[in-house]
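1. need a structure here:
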Amino acid sequence: DKRVGTDVTLDIVRNRITAIIGPSGCGKSTLLRCFNRMNDLIPTARISGQVLFEGQDLYAPSADPTEIRYQIGMVFQRPNPFPKSVFDNVAFGPRINGFKGNIDELVEQSLHRAALWDEVKDRLNSSALALSGGQQQRLCIARALAVEPRVILMDEPCSALDPIATLAIEE
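-> Have a look, this model is predicted:
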């Protein structure tokens, strides 16, 4: 019943960080979720218009939402690790996508890129749910990086974190 955005036109430059700012409740998260069709999972959501990614309309009838989400990853405001080990959280996406390379190397590289390796390298088989909030958020970033998406959407990934964890995530 509430319209969130009218006549929005937005160009996003490749390989650049783009920030969307505005007051709480103005539709930033809703807009962000349009970019990888996460709003499809909300029964009452309705989207009209086009979202073009590399010239392709993400809402065309022929567009596959699952494939779109492989290409356009998402890290949410609150960490949402799977109830699995640290290793299995990062390896999950590549495994279901049929990754054929060295999964150990991919997990390590992803954890390095998320500034988490040094903190978890001796606890890879421990539950991800035992990590601190900041570590869980960086784990979710590593999980997103592991599938090597072309874009990563981040919905306030540092909003509930301390300054040290925020710096690590921003880096």
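2. Need the nearest residue in space to residue 90, chain neighbours excluded.
-> Once its chain neighbours are removed from consideration, residue 90 has its nearest residue in residue 107; the separation is 4.5 Å (C-beta to C-beta, 6 or more residues apart in numbering). Placement of C-beta: from N, CA and C, glycine included.
3. Hmm, residue 91 and the one you found touching each other?
-> Yes - applying C-beta atoms under 8 Å as the test, residue 107 and residue 91 come out as touching, 5.5 Å apart.
4. Need the overlap of contacts for these two.
-> Shared contacts of residue 107 and residue 91, defined by C-beta atoms under 8 Å, 6 or more residues apart in numbering, comprise residue 146.
5. Now do the end-to-end distance for stretch 141-151.
-> Using C-alpha to C-alpha, to the nearest Å, one end of stretch 141-151 lies 12 Å from the other.
6. One more: stretch 15-26?
-> Using C-alpha to C-alpha, the span of stretch 15-26 from its first residue to its last is 26 Å.
7. How about residues contacting stretch 84-104?
-> With contact meaning C-beta under 8 Å, 6+ apart, stretch 84-104 is reached by 70, 81-82, 106-107, 110-111, 120, 123-128, 131, 139-140, 142-143, 146-147.
8. Show me which positions of it end up buried.
-> Within stretch 84-104, the residues scored as buried using 16 or more other C-beta atoms under 10 Å are 85, 86, 87, 88, 89, 90, 91, 93, 94.
9. count of neighbours near residue 60?
-> Other residues lying near residue 60 total 10 when counted by other C-beta atoms under 10 Å.
10. For it, which three-state class applies?
-> Per DSSP: H, G, I helix; E, B strand; the rest coil, the secondary structure class of residue 60 is coil.
11. can you tell me how far it sits from residue 94?
-> Residue 60 sits 27 Å away from residue 94, going by C-beta to C-beta, to the nearest Å.
12. With residue 165 instead?
-> Between residue 165 and residue 94 the distance, using C-beta to C-beta, works out to 25 Å.
13. Please apply the same query to residue 84.
-> For residue 84, the distance to residue 94 under the criterion C-beta to C-beta works out to 14 Å.
14. How about residue 26?
-> Distance from residue 26 to residue 94, by C-beta to C-beta: 35 Å.
15. next one: residue 119
-> 21 Å.
16. How about residue 19?
-> Using C-beta to C-beta, residue 19 is found at 29 Å from residue 94.
17. Residue 2 too?
-> 38 Å.
18. Now do the end-to-end distance for stretch 154-168.
-> Distance between the boundary residues of stretch 154-168 (C-alpha to C-alpha) amounts to 15 Å.
19. ok now it, how far from the chain's centre?
-> In terms of C-alpha atoms, centre = their mean, to the nearest Å, the gap separating the centre of stretch 154-168 from the centre of its chain is 14 Å.
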